[in-house]
Each structure stands twice: as structure tokens, then as C-alpha cells.
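K.L.:
below: sequence and its predicted model.
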Amino acid sequence: MNAPNPLPGLLRMNTRLLLNALEGFPEGSARVRLEGRTNHVAFLLVHLVDARYFMALLCGLELENPLSEEFAHVTSVEEAAEYPTLEQLESMWAEVGGLLHEHMASMGPEAWRRDTGRQFPNGDPSLAGAMAFLLEHEIYHIGQVGMIRRALGLESLKWPSSSG
């Protein structure tokens, strides 16, 4: 008997968690850098959306990343002059998340064992290993958004409900 694959559920939970983190977040605060040193929320969202498109590509989905042209070579918050709005980034996040979740949920065990040909910090080059690392990467940055929320005086990040 094969154990159920938790990765699609984790992806869906991360999708909802980031949307919760952005609920009530003022657009004017999206580019605030705490003490002038941290990444701001808009940069974190660009990074997360871009990473989701990379995840989709690894899973075999050929989706056009709306950020690829403008942010292809951006590696730090200072390198981009302008960022999409929070609403635009939320929409991109939700859209790629929905498509990726649907695709991941339909994948069989052989697809998950496929070698990605890439090395990830967890040492597992399989698609399952790559996705596990990338989902952990997401939650790290979602936690940063949650910390920025609190530092700006907004209420704490709420976990998604099991029904939503």
C-alpha cells in the first residue's frame, strides 16, 4: 500500500497561508524595508511567484511566467525600480497555485520519483525531493511576510481554516 502524497496539500496550504498573510496588508506598506535592511513584501512576493512558476516547470507544466521578462535578473530588492501591485501579485500567486495543485494532485508515483537533474539543499534530486525543498522555501518566506506584518502593527498571520 502506498502512503498518500502530502505535497499537493502542502502546496494548497501554502497558497492559502500567503493569501491570509496579505489580507488587509496596505499597498503603501508593501515596499517598506524594516530598518532599511530587510526585503520588502513586494520583493518577497515576486520571488515566491517566480519560484511557483519554476515549480510548475519542474512538474511538467509549461506556463508563461508573467514576471520572467522584467525580473529575470533581479536577485536583490534594490535591483528593481518598480514592482507589481499586491493585487496583481496575489492574483498571480493564486492562479499558478491552483494550476500547480491540480496538476500535482493528478501525478502518479513514477512522476514523483523522476530525477530532476538538479541538486537541491535537501540532497534529493527526485521531483518529490525538489518539491519538498521548494515548499519549505515558500514557508520560510511566508514566515518573513508574517513577521513584517507584525512589525508594521498589523495583526498576526492566521493559519488557513481546514475548510477554506
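P.N.:
Thanks, I have the structure now. Numbering: from 1, shown residues only.

K.L.:
can you point out the buried residues in stretch 90-104?
P.N.:
90, 92, 93, 96, 97, 100, 101, 103, 104 (16 or more other Cβ atoms under 10 Å). In short, each C-beta sits where N, CA and C put it, glycine included.

K.L.:
residue 27 versus the first one, what's the distance?
P.N.:
Just to be clear, that refers to residue 90. As judged by Cβ to Cβ, to the nearest Å, residue 90 and residue 27 stand 11 Å apart.

K.L.:
ok, then the element right after the helix or strand of the chain with the lowest mean pLDDT?
P.N.:
Every helix and strand of the chain was ranked by mean pLDDT, DSSP states H and E. The lowest is helix 68-71, at a mean of 90. Where DSSP states H and E defines the elements, the next helix or strand beyond helix 68-71 is helix 86-106.

K.L.:
who are the packing partners of that next one?
P.N.:
helix 7-22, helix 41-58 (3 or more Cβ pairs under 8 Å, 6 or more residues apart in numbering; DSSP states H and E).

K.L.:
which strands or helices does the last one pack on?
P.N.:
In this structure, helix 41-58 makes packing contacts with helix 7-22, helix 68-71, helix 86-106, helix 127-151, judged by 3+ Cβ pairs under 8 Å, 6+ apart.

K.L.:
now stretch 109-116, how far from the centre of its chain.
P.N.:
Mean-position distance between stretch 109-116 and its chain equals 21 Å (Cα atoms, centre = their mean, to the nearest Å).

K.L.:
show me what counts as buried in that stretch.
P.N.:
For stretch 109-116, by 16+ other Cβ under 10 Å, it's 112, 114, 116.

K.L.:
same check on stretch 125-142?
P.N.:
Per 16+ other Cβ under 10 Å, stretch 125-142 contains these buried residues: 127-135, 137-138, 141-142.

K.L.:
I'd like the buried residues of stretch 90-104 as TSV, with pLDDT appended.
P.N.:
Shown next, in TSV, are the buried residues of stretch 90-104 (pLDDT from 0 to 100):
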residue	pLDDT
90	97
92	97
93	98
96	98
97	97
100	97
101	97
103	97
104	96
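
K.L.:
for those, which one is nearest residue 158?
P.N.:
Of all the buried residues of stretch 90-104, residue 90 has the smallest distance to residue 158: 15.8 Å, by Cβ to Cβ.
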